[in-house]
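> got a structure for you, letters missing:
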């Protein structure tokens with residue numbers, strides 16, 4: 001009786017080990033694991049079979065049921081990695097991001113005409129990084145206060161991949177990222193410049209800004 005149940009267990013384990021063993025594990029580990037299971041059941045059925053599972057990393061839970069024989073109680077473990085997103089899933093994500101960027105830009109453009117104020121972080125007045133920080137905060141996205149610190153977050157974006165909502169940085173009053181604005185597209189951005197005195201839209205390709213442009217970042221979305 002014990003031999004028949006052990007044989008059944010062996011056959012079940014071999015079949016399962018090919019389908020649920022952790023990715024990256026050598027299949028011979030599964031056979032070693034099976035060997036440990038068989039030994040335990042023939043010798044001391046009360047020995048926890050999870051020893052073999054933990055030792056060889058197999059995604060399988062077995063238990064010995066009685067002193068006279070060995071029975072399997074198999075619980076399927078979840079897949080070791082998330083499902084790979086389909087092309088439809090990826091398109092949905094792209095559309096959601098575009099929508100989020102669209103609402104961010106709507107907020108930014110609604111603030112055109114707000115006066116420049118050094119240290120300003122509200123619609124009463126903005127400096128450059130106060131403006132970008134305020135806009136993103138309206139959409140529950142937190143940015144550091146200073147332009148140089150904002151340059152340190154997010155993902156690098158090449159100049160030919162800039163989209164609405166990306167942060168664009170310039171070296172103006174000091175070396176490094178000393179000015180920041182929000183891209184509208186690859187050619188335009190909105191910012192709070194001290195020169196003109198109000199939040200306004202300007203051209204990225206104009207000589208002044210093109211000569212001072214140092215890079216773009218895409219802030220992490222919630």
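Noted; the coordinates are in hand. Keep in mind it's a predicted model, so treat the numbers as computed, not measured.
> do you have the strands of the protein handy? List them.
In the chain, strands defined by DSSP state E lie at 121-122, 125-126, 155-157, 167-170, 179-183, 188-191, 200-203, 213-218, listed in chain order.
> so which elements touch the fifth one?
The one in question is strand 179-183. Judged by 3 or more C-beta pairs under 8 Å, 6 or more residues apart in numbering; DSSP states H and E, the packing partners of strand 179-183 are helix 87-110, helix 128-137, helix 147-150, strand 167-170, strand 188-191. (Each C-beta comes from the backbone N, C-alpha and C, glycine too.)
> repeat that for 7 Å
Under the contact criterion of 3 or more C-beta pairs under 7 Å, 6 or more residues apart in numbering; DSSP states H and E, strand 179-183 touches helix 128-137, helix 147-150, strand 167-170, strand 188-191.
> deepest-packed of those, please.
Most buried of those by mean neighbour count (mean count of other C-beta atoms under 10 Å) is strand 167-170; its value is a mean of 25.
> what's next to that strand, contact-wise?
Applying C-beta atoms under 7 Å, 6 or more residues apart in numbering, the external contacts of strand 167-170 come out as 132, 147, 150-151, 154, 162, 177, 179-183, 189, 204, 209, 212-217, 219.
> make it 6 Å
151, 177, 179-181, 183, 189, 212-217 (C-beta atoms under 6 Å, 6 or more residues apart in numbering).
> please parse the chain into its domains.
1-81, 87-218 (automatic domain parsing).
> comparing these, which yields the minimum mean pLDDT?
Mean pLDDT is lowest for domain 1-81 among the domains of the chain, at a mean of 45.
> turn the strands of the chain into TSV, including distance to residue 114.
Formatted as TSV, the strands of the chain follow (distance: least, C-beta to C-beta, whole Å):
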stretch	distance to residue 114
strand 121-122	9
strand 125-126	6
strand 155-157	26
strand 167-170	18
strand 179-183	13
strand 188-191	11
strand 200-203	10
strand 213-218	23
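> which one of those is the most hemmed in?
Greatest average neighbour count among the strands of the chain goes to strand 179-183 (a mean of 26), per mean count of other C-beta under 10 Å.
> show me the contacts for residue 160.
Contacts of residue 160 (C-beta under 6 Å, 6+ apart): none.
> tell me the spacing between it and residue 187.
To residue 187, residue 160 is 11 Å away according to C-beta to C-beta, to the nearest Å.
> same deal with residue 195?
The gap separating residue 195 from residue 187 is 20 Å, by C-beta to C-beta.
> more crowded one of the two?
Counted by other C-beta atoms under 10 Å, residue 195 and residue 187 do not tie: residue 187 has more neighbours, with 12 against 9.
> list the residues that contact that one.
Residue 187 touches 204, 205, counting by C-beta under 6 Å, 6+ apart.
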